[in-house]
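> Here is a sequence together with a model predicted from it:
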Amino acid sequence: MKQNESPDLFSRLVVIKFRDLISPFLQGEHVFLKLSLLAMALAGLNVFLIIASVTDFYRVPSANQYERPSILLGLNTKNEYEPIAEFYKFSRVVVPIGSLKVEGAEKHNKLIQCFLSTEDNNFYSHFGVDLRGIFRAFAVNIIAGKIKEGASTITQQVARLKFLSTERSFLRKAREAWLAILLEMSYDKDSIMEMYMNEIPLGHGTLGAGAAARFYFRKDLNSLSWGEAALLASLTTRPKEFSPLVNPIVSNNKVRVVFMKLIETGRMDVAQAEEEYSKFSEYYATLNRSPNDSAFSDRLNRFPYFTEYVRKNLSKYFNVNRLYSGGLKIYSTLNIRHQEEAEKALYAGLQHQTEASNQRSFRNLDIFDKEYGSAFEMISLFHDIADFKYKISRVERTFRNTYQEEMRDNLSALNLLTGSENVAEVMEENFSKQDTQDHLLPVEGGIVSMRPETGYITAIVGGSGFRSDNQQIRPFQANRQPGSAFKPLVYSATIDYYAKNPDPKKNVTASTLFLDSPVQYLMEDGDEWTPENYSEEYSGFIRLRQALENSKNSVAVRVVEHVGLSKIMPTLKSMLQLEGRDIPYNYSVALGAFEVTPYELTRAYAAFASKGREVFPVSVLYITDDEGKVVKDFRPEHSTKERKQVISPEASFIITSMMEDVIKKGTGKSALAYGLSRPVAGKTGTTNNFRDAWFVGYTAELVSSVWLGYDTGTISLGKGMSGGVVAAPIWGRFMQNALRSESVKKFNFGEIDVVSRRVCSISGKLPGPQCGKVYDEYFIKGTVPEEICQDHRGFTVEPVESSANPGSTRSVQGKVRKKKYRNLFQGDDKIE
């Protein structure tokens, strides 16, 4: 009972208090009038509470804030930032009303005069709600028997666009009027007009007149003609229906109505209107755009692969609304020249390689019916398998293939003689939709480059072209075997290990001899593993430097067998920094027989160019809001990260000198085909059956990688399509052009404990008196060979100057002095 009594008591209390409050007001004469006024006040209060909200007083002052696109910026050749991409849901170009040119007696821009004539001629005289306009629209609609004219003022439309939905209801209209009055109390007329001009949707994904002018006419607002301004004003009510791209005839008629309104309101005389309307009619005559065109396709996005990479990373720090509507300015590490040259080099290389590899897509669909038709019927009965179907008929499929491969080029040439425009248009469209011939399976690839000292990523190209069906960023997402491109990591880790743990009997240096011959291993599962050289040729005993130059697989395996995986695995893991994956613990590691991404391998090579220190790649430095305030700064965290020494500077120095020789006289010589003349080091990589082609290399300023292959990893690029043939020329072209305006730098490893010693070019030992071929080799202190070569006799050597800088290592041919004998048959005692 007590629970039922509490509300009743409360209600009684409220009634008593309300009665005591109004009692003084109702005393005296005219009680009925006072009651009427009180009832009206209470009714008004109820209406106010329904249509108004306390939050309105906080929202209206921020009405002049816009959702702005975020801008991604990159560095140009002047080392200045310039926009390279935009992020937005709808295209918007915010235009201050004060920046517009004015015309006519009213001192308003053409577009604003069109808006006033069609939307709200009394805009500058009413207080947000036009009572005369409401009565006029009511009368016009009653006479017409339908909704022919609206009564919303421009201020009311701003209120709806900013705060309300498009729902048609009395409550929404009431709130619209209330918010319009608040807007008029908070802003002057020009500010409200500016909001309208920048907020009104005008079709095809545009918000505001600035974006619409760019989309429809490729102009800014100050460059619009009267006809163009009239077209934008015609789109305010139903932009899709009145779009010139969708319904050009309807659009033309609507523009005519706008000119009539300009005449009615006295803003233009008939003669001028006719002249301007006639001029603008040419726009429809030359209009040739798809009805499905969208302002999103006009979005600034110069380098889509890099943009997409940044977008994915930023989604960890900003929600979608903030990224696409927050007006952020994103300052990236991208170097515009590097990116442009990377795209040129890779796109040309991929197109050439697609034609060279000539791997045809599977098209012999009829083979299923011919070879397995009867068997399929029986199997389908047991397993309830549906019949296989084709999207097009066999006849159409045959015609398309025949036309494309055998007839199209001939018809195109023949059409040049006949001059038929219709046929030319059809063929041009067919060609334009085929960047790569449809009957050729496209070769894909990727390039990524970064600064070795800072880790700044300067270029990313993820494939043959960023399209809806090709958005994979392969440098980061393509897990492929690196092949021989992994050998420098193995060799440098081995050299580094013996520098820290010297053993005169086992030391491995650049001059250490290893046997290059067929090798075979029995695996744990009983299988035999027989790694072979790419050339299928063997050289016998060979120095490690030569083995890397010529990419000898058998030597790489013997090096790992010699040192032991446990000795070098920690270094390999530190250099690769694989996340969530382990390097396989078997000898196939020597040949890169496990998967990495081009980015991971490039980052590992960056350590070589950075004195053996760990490198932390970064793509964005800092982000500001639309007022220039920094909202996210990645620089302090990046600059304070501890860069661990993953390999010694001495080992980095020596492996760099070895990879310089790979390019000078080894498998990477084609990297110099485009005139690359600065100190460079790098290594080719080719996987089994020529499935992947790699080149990873660096200068003192930049480290980069090139990978090519099919997305289906089991398909071969073709016999002989090695990394030196396929990837190295692309890498050389990119590096030459990307660094063209940058000064040449030599590799700098600081003060290091490396000595240069002359050794026998055949045995790799200290030269004896009979060694005829010697050269200068680099050794980490403590690993210089102590044994003197006794493998030759009858040779003497002239002194040769040595060099202690990478890039100048050179083999030296000594002059051979032969002992003279009395006749041809003397000297047999010297034969071994």
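Here it is on my side, so go on.
> which residues pair with residue 83 across the strands?
residue 73 (DSSP bridges).
> List the contacts of it.
71-73, 300 (C-beta atoms under 8 Å, 6 or more residues apart in numbering). (Each C-beta comes from the backbone N, C-alpha and C, glycine too.)
> Mind putting those into TSV with neighbour count and distance to residue 571?
TSV is the format used below for those (neighbours: other C-beta atoms under 10 Å; distance: C-beta to C-beta, whole Å):
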residue	neighbour count	distance to residue 571
71	21	42
72	27	37
73	19	38
300	15	44
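> so which of those residues would you say is closest to residue 525?
The shortest approach to residue 525 among those belongs to residue 72, at 50.7 Å (C-beta to C-beta).
> Residue 253 and residue 200, how far apart?
21 Å (C-beta to C-beta, to the nearest Å).
> next structured bit after the helix or strand encompassing residue 271?
Residue 271 belongs to helix 270-285 when assigned by DSSP states H and E. Scanning forward in sequence from helix 270-285 by DSSP H and E, the next helix or strand is helix 304-314.
> now that next one: mean pLDDT?
Mean per-residue pLDDT for helix 304-314: 96.
> For that helix, what is the distance to the chain centroid?
5 Å (C-alpha atoms, centre = their mean, to the nearest Å).
> which helices and strands sit right next to that helix?
Under the contact criterion of 3 or more C-beta pairs under 8 Å, 6 or more residues apart in numbering; DSSP states H and E, helix 304-314 touches strand 70-75, strand 81-87, strand 329-335, strand 457-461, strand 620-624.
> Among the contacts of residue 83, which has the minimum pLDDT value?
Comparing those by pLDDT, residue 300 comes last, at 89.
> nearest spatial neighbour of that one, skipping sequence neighbours?
Leaving aside its sequence neighbours, residue 300 sits nearest to residue 86 (C-beta to C-beta, 6 or more residues apart in numbering; 4.5 Å).
> Also residue 676?
residue 736 (4.4 Å).
> how close does that neighbour sit to residue 743?
From residue 736 to residue 743 the distance is 14 Å (C-beta to C-beta).
> neighbour-wise, which of those two wins?
residue 736 (20 against 7; other C-beta atoms under 10 Å).
> what's that one in contact with, if anything?
Residue 736 neighbours (C-beta under 8 Å, 6+ apart): 674-676.
> how close does residue 574 get to residue 198?
Residue 574 is 54 Å from residue 198, by C-beta to C-beta.
> now residue 444
42 Å.
> Now rank the contacts of residue 736 by neighbours and give me the top one.
residue 676 (20 neighbours).
> these two touch, right, that one and residue 734?
No - if you go by C-beta atoms under 8 Å, residue 676 and residue 734 don't touch, sitting 9.5 Å apart.
> Run through the bridge partners of the nearest residue to residue 702 once chain neighbours are set aside.
Counting by C-beta to C-beta, 6+ apart, residue 702 lies nearest to residue 449, which is 5.6 Å off, once chain neighbours are set aside. Applying DSSP bridges to residue 449 gives these bridge partners: residue 459, residue 704.
> give me every residue that touches residue 449.
So residue 449 contacts 338, 342, 457-459, 602, 702-705, 734, 738 (C-beta under 8 Å, 6+ apart).
> 6 Å - rerun?
338, 458-459, 702, 704 (C-beta atoms under 6 Å, 6 or more residues apart in numbering).
> What of residue 709?
691-692.
> Look at it and report its pLDDT.
So residue 709 comes in at 95 (pLDDT).
> Phi and psi next, for it.
Main-chain torsions, residue 709, degrees, to the nearest 10: phi 170, psi 180.
> out of residue 253 and residue 200, which sits in the more crowded spot?
residue 200 (23 against 12).
> Check whether residue 784 really touches residue 756, as I assumed.
No - with contacts counted by C-beta atoms under 6 Å, residue 784 stays clear of residue 756, the gap being 9.8 Å.
> So between the two, which is more surrounded?
residue 784 (19 against 15).
> how far away is the more buried one from residue 759?
Taking C-beta to C-beta, one finds residue 784 at 9 Å from residue 759.
> you'd agree residue 670 is up against residue 728?
Yes - judged on C-beta under 6 Å, residue 670 makes contact with residue 728 at a distance of 4.4 Å.
> neighbour-wise, which of these two wins?
residue 728 (28 against 21).
> secondary structure class for the closest residue to residue 57 other than its chain neighbours?
Using C-beta to C-beta, 6+ apart and skipping residues adjacent in sequence, the residue nearest residue 57 is residue 182, 7.4 Å away. Classification of residue 182 using DSSP: H, G, I helix; E, B strand; the rest coil returns helix.
> could we number from 2 for the rest of this?
Yep, numbering from 2; the last one is residue 183 now.
> what's around residue 183, how many residues?
Neighbour tally, residue 183, other C-beta under 10 Å: 20.
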